[in-house]
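Asks: Got a sequence here, can you model it:
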Amino acid sequence: MAFTRVMNHGPGLQWPTPANRIENLRPNTPVKGLEVVVLRMYPQRMIVSPSYPGPVAAGCGRDETGLVGLVFWADQINQVSVGDVVRINAGWCRSRDGALVVSTGKHGTLSIVQRFDA
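Replies: All right, here's what the predicted structure looks like:
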């Protein structure tokens, strides 16, 4: 049975502790400092919505505790390559078709921790 710590931000305001390992991810929770190796990137596609018109690409990544789906937006698509270790800060985690998916969303950041040298 897994337990999620809860941070208390004042009366009536609680938010789950941000996850920094795949095994600690939970749907609809923030993601802070998650580092994963990018295992696969799928071809980009264009989406048009009121909140974001532009390119998006799906991928998957892993750390020593598991696998997770990844969503890359706009410039992130060309910055990241398969084999790179990336860090996601201020992102989000969702569940899609029973699998966990992580993204930076609008306000998060993605940084390259280590490049894969072929």
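
Asks: C-alpha only now, for contacts and for neighbours.
Replies: Noted.

Asks: Return the set of buried residues in stretch 64-71.
Replies: Neighbour-count burial for stretch 64-71, counted by 16 or more other CA atoms under 10 Å, picks out 67-71.

Asks: Over to stretch 37-51?
Replies: Those would be 37-39, 41, 44, for stretch 37-51 by 16+ other CA under 10 Å.

Asks: Now tell me what touches it from outside.
Replies: Residues from elsewhere that reach stretch 37-51 (CA atoms under 8 Å, 6 or more residues apart in numbering): 53-63, 77, 81-86.

Asks: any idea which helix or strand comes after the helix or strand where Val68 lies?
Replies: Assessed by DSSP states H and E, Val68 sits inside strand 66-73. Using DSSP H and E, the helix or strand that follows strand 66-73 in sequence is helix 75-79.

Asks: Rounded mean pLDDT for that following helix, please.
Replies: In this model, helix 75-79 has a mean pLDDT of 95.

Asks: Distance from the chain centre to that helix, please.
Replies: Relative to its parent chain, helix 75-79 has a centroid offset of 14 Å by CA atoms, centre = their mean, to the nearest Å.

Asks: cool, stretch 105-118 as well?
Replies: Taking CA atoms, centre = their mean, one finds the center of stretch 105-118 at 10 Å from the center of the full chain.

Asks: ok, what's across the strand from the residue nearest to the spatial centre of the chain?
Replies: Centrality entry for the chain: nearest residue to the mean C-alpha point is Val102, 2.7 Å, by CA atoms, centre = their mean. With DSSP bridges as the criterion, Val102 is bridged to Leu70, Cys93.

Asks: For Glu64, give its distance to Glu35.
Replies: The gap separating Glu64 from Glu35 is 10 Å, by CA to CA, to the nearest Å.

Asks: and what of Val102?
Replies: Counting by CA to CA, the gap from Val102 to Glu35 is 11 Å.

Asks: got it, and Met46?
Replies: Taking CA to CA as the measure, Met46 falls 26 Å from Glu35.
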